[in-house]
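Chemist: A predicted structure for the sequence below; I have some questions about it.
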Amino acid sequence: DAGVIQSPRHEVTEMGQEVTLRCKPISGHDYLFWYRQTMMRGLELLIYFNNNVPIDDSGMPEDRFSAKMPNASFSTLKIQPSEPRDSAVYFCASGSGMWTQYFGPGTRLLVL
Amino acid sequence: DQQVKQNSPSLSVQEGRISILNCDYTNSMFDYFLWYKKYPAEGPTFLISISSIKDKNEDGRFTVFLNKSAKHLSLHIVPSQPGDSAVYFCAASDSYSGAGSYQLTFGKGTKLSVIP
C-alpha cells in the first residue's frame, strides 16, 4: 500500500487566491482527518470524516475553509480566499476505526 | 488551553543512553494515549500507544509509562540511537467523546537529538 497520498507537496500562492489541497487515504480506512501544523499551535485537528460524512468540523478556523469527501478514496481541503496567516503544513491522516492514524507527508503552504 | 503539554521543546542525549520524553495532560477524560515520531518533510508515524487500563507498554527499545493520578506519561527509548533523532508528539484521546470518534489531541512535540 502506498500510504496516505497528499498533493501538492508544496504550494506557494498569493493572498486572495483559492487553494485546494488533496488527499487519498489508505484503502479500506473509514476515517479521514485533516490537520494543520504551525509553530505556534502545533498540530491542530481541523475536521474529520467517517464513511465520507463530516463528523466534527469545529477545528476549521473560519468560513474560508471548507472540506469535502465525495468518495472513500478522495478528500479536498479548500481555502478561499487564502491569507498569509494560513501558511502552515497541512496533513491528511486516515484510520480504520482505531486510534492509530496514518499520516500523509503533508502539504507545505505559503501564502504571500 | 492546551490539553496535552510537552514542556520540553528539545532534548539532547548521547548515543546508547536513555532518552526520556515527557507529556502531561489536563483532561481527565482522556483514556488512550499515543506517541508519534516525525522526521523532517514527512508526516508523523505511529510509534507506541497505551490504554488507561495499563501503566506500562513496551515495544522493543520503546516503553511508555502512564501515571493517571499525575496525568503524566513518558516515553523511554533505550538505548538511544542516532536514527531516533526526530520530533516526538504525544497524543491523547477521549473514547467517550462520541461514538467511535477516535479524535486525537496532540502536544506540540519535543525534538530529540541523539548525539553519536
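Modeler: Thanks, I have the structure now.
Chemist: Those residues of chain A touching chain B, which are they?
Modeler: A:4, A:31, A:33, A:35, A:41-45, A:48, A:50, A:55-56, A:91, A:93, A:95, A:97-106 (CB under 8 Å from any CB of the partner chain). (C-beta placed from N, C-alpha, C; glycine too.)
Chemist: Narrow the residues you listed to those that are buried.
Modeler: A:4, A:31, A:33, A:35, A:42-43, A:45, A:48, A:50, A:55-56, A:91, A:93, A:95, A:99, A:101-106 (16 or more other CB atoms under 10 Å in any protein chain shown).
Chemist: Which residue is the nearest non-sequential neighbour of the residue in chain A positioned nearest to chain B?
Modeler: Residue of chain A nearest chain B, by CB to the nearest CB: A:Phe103 (3.2 Å). In space, and not counting its chain neighbours, A:Phe103 is closest to B:Gly43: 3.2 Å by CB to CB, 6 or more residues apart in numbering or on different chains.
Chemist: again with A:Lys68
Modeler: A:Thr76 (5.3 Å).
Chemist: Quick one: mean pLDDT over whatever helix or strand the one you found lives in.
Modeler: If you go by DSSP states H and E, A:Thr76 is part of strand A:74-79. Mean per-residue pLDDT for strand A:74-79: 98.
Chemist: Other residues contacting it?
Modeler: A:18-25, A:32, A:34, A:46-47, A:49, A:64-69, A:86, A:90, A:92, A:109 (CB atoms under 8 Å, 6 or more residues apart in numbering or on different chains).
Chemist: Put the buried members of the residues you listed into a PyMOL selection.
Modeler: Buried residues among the contacts of strand A:74-79 (16+ other CB under 10 Å), as a PyMOL selection:
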select buried, chain A and resi 19+21+22+23+24+25+32+34+46+47+49+65+67+69+86+90+92+109
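Chemist: The contacts of strand A:74-79 in strands, which ones?
Modeler: In this view, the contacts of strand A:74-79 that belong to strands under DSSP state E are A:19-24, A:32, A:34, A:46-47, A:49, A:65-69, A:90, A:92, A:109.
Chemist: Now A:Glu14: closest residue in space, sequence neighbours ignored.
Modeler: Nearest to A:Glu14 is A:Leu112, by CB to CB, 6+ apart, at 5.3 Å.
Chemist: The one you found reaches A:Glu11, doesn't it?
Modeler: No - counting by CB atoms under 8 Å, A:Leu112 sits too far from A:Glu11 to count as a contact (11.1 Å).
Chemist: neighbour-wise, which of these two wins?
Modeler: The neighbour count for A:Leu112 versus A:Glu11, taken as other CB atoms under 10 Å in any protein chain shown, is higher for A:Glu11 (19 against 10).
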